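*Asks:* Would you be able to build a 3D model of this:
(one chain, ligands or ions: 1)
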Amino acid sequence: MKPVDGAAVALVTGAARGIGAATTRRLASAGWRVVAVDIGDAPDAAPYPLATREQLSTVAAEFPGAVVDVVADVRDADALRRAVATAEDEFGRLDAAVACAAVMAGGTPLWETTDAEWSALFDTGVAGVANLARAAVPALLRSPHGRFVALASSAAHHGLWHLAGYNAAKHAVVGLIKGLAADLRGTGVCATAVSPGSTRTDLLAETARLYDLESMEEFASHQLHERLLDPDEVAAVVAFLCSAESSAITGSVVHADGGFQP
Ligand SMILES: NC(=O)c1ccc[n+]([C@@H]2O[C@H](COP(=O)([O-])OP(=O)(O)OC[C@H]3O[C@@H](n4cnc5c(N)ncnc54)[C@H](O)[C@@H]3O)[C@@H](O)[C@H]2O)c1
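*Replies:* Here you go, the predicted model:
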């Protein structure tokens, strides 16, 4: 393990694009070291294209020496354990783990949801979060201010039309965070969820496609802001929850949703 040089260290999944990439950039710009994890080139992992290996490398290359990119599938618990080991080997510690990786599937009533859609939603969006917690918490317990942050969604708090599987997966993320926070009682390590509203990313573009909308901009009308959120606005909230200053918050959800109303 390399000596600690004072910089805080984070691991972010889903870091190649969208909210995960914005979180990686925010943290690295604030002086954090980051292990940026994404799936690499995996054309069959979801019903629509996920990020590429090149996108992950591009994010890391913006912060030479401060961001290390690791290809890992969050469905693979051992791969996440290796990613945590990379954080400790490269940077000497782990202070925050951020679970951004998830996929969208749906567009039909629940009773028409396929096994493949259900597996994609739960294997990546729920088991993937649990895999990260199981891999990262032992290292976070060694930090003076360990933080575990998971991306939930407005779909964790409302029933959204033709997205019942995604609703169920995101409600499960909130339940996982509440249980994890209870297990972390008295340790000083905090576990929180962030529930974004409609945010301009490829996942929202896929949601628009499932709804047969011409543009994801049509989701803006569901937010009091009357516009989509930018990934960096959500990343700002995630970065705060990663910081030592967020010590009052655990076991709960921060709604970064522009006033989402279904
Ligand atoms: N964009 C929105 O409107 C919105 C709203 C609410 C919640 N969220 C949540 O925010 C998080 C980030 O989503 P986003 O909008 O940035 O989506 P995105 O599709 O842009 O990014 C998701 C990233 O996760 C990666 N990923 C997917 N499966 C993976 C796996 N098995 N292993 C490793 N990496 C994997 C993808 O390659 C991609 O880089 C997700 O949890 C999503 O559910 C998004």
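
*Asks:* can you map out the strands along the stretch 101-250 of the chain?
*Replies:* 147-151, 190-196 (DSSP state E, counting those that start in this stretch).

*Asks:* can I get these in TSV with mean neighbour count and distance to Asp89?
*Replies:* Any C-beta I mention is one placed from the backbone N, CA and C, and that applies to glycine too. TSV is the format used below for these (neighbours: other Cβ atoms under 10 Å; distance: least, Cβ to Cβ, whole Å):
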stretch	mean neighbour count	distance to Asp89
strand 147-151	28	20
strand 190-196	26	25
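
*Asks:* so can I have a markdown table of those showing distance to the ligand?
*Replies:* What follows is the strands of the stretch 101-250 of the chain, written out as a markdown table (distance: least, Cβ to the nearest ligand atom, whole Å):
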| stretch | distance to the ligand |
| --- | --- |
| strand 147-151 | 4 |
| strand 190-196 | 4 |
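
*Asks:* Show me which residues of this structure are close to the ligand?
*Replies:* Residues of the chain lying close to the ligand (Cβ under 6 Å from any ligand atom) are 13-14, 16-20, 38-39, 45, 50-51, 73-75, 100-103, 124, 128, 151, 153, 196, 198-199, 201-204.

*Asks:* Now with 5 Å, please.
*Replies:* 14, 16-19, 38-39, 50-51, 73-74, 100-102, 124, 151, 153, 196, 198-199, 201-204 (Cβ under 5 Å from any ligand atom).

*Asks:* Of the residues you listed, keep whichever come out buried.
*Replies:* 14, 16-19, 38-39, 50-51, 73-74, 100-102, 124, 151, 153, 196, 198-199, 201, 203-204 (16 or more other Cβ atoms under 10 Å).

*Asks:* Dihedrals phi and psi, the closest residue in space to Gly31 that isn't next to it in sequence?
*Replies:* Excluding the flanking residues, the one nearest Gly31 by Cβ to Cβ, 6 or more residues apart in numbering is Ala7, at 5.8 Å. With angles defined as degrees, to the nearest 10, Ala7 sits at phi -70, psi 140.

*Asks:* Contacts only, for Ala7.
*Replies:* 31-33, 66, 91 (Cβ atoms under 8 Å, 6 or more residues apart in numbering).

*Asks:* That one and the ligand: what is the separation?
*Replies:* In this view, Ala7 and the ligand are 24 Å apart by Cβ to the nearest ligand atom, to the nearest Å.

*Asks:* What residues of stretch 254-262 count as buried?
*Replies:* 254-258, 260.

*Asks:* got those as TSV, with pLDDT and secondary structure columns?
*Replies:* Below are those laid out as TSV (pLDDT from 0 to 100; DSSP: H, G, I helix; E, B strand; the rest coil):
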residue	pLDDT	secondary structure
Val254	98	strand
His255	98	strand
Ala256	98	strand
Asp257	96	coil
Gly258	96	coil
Phe260	95	strand
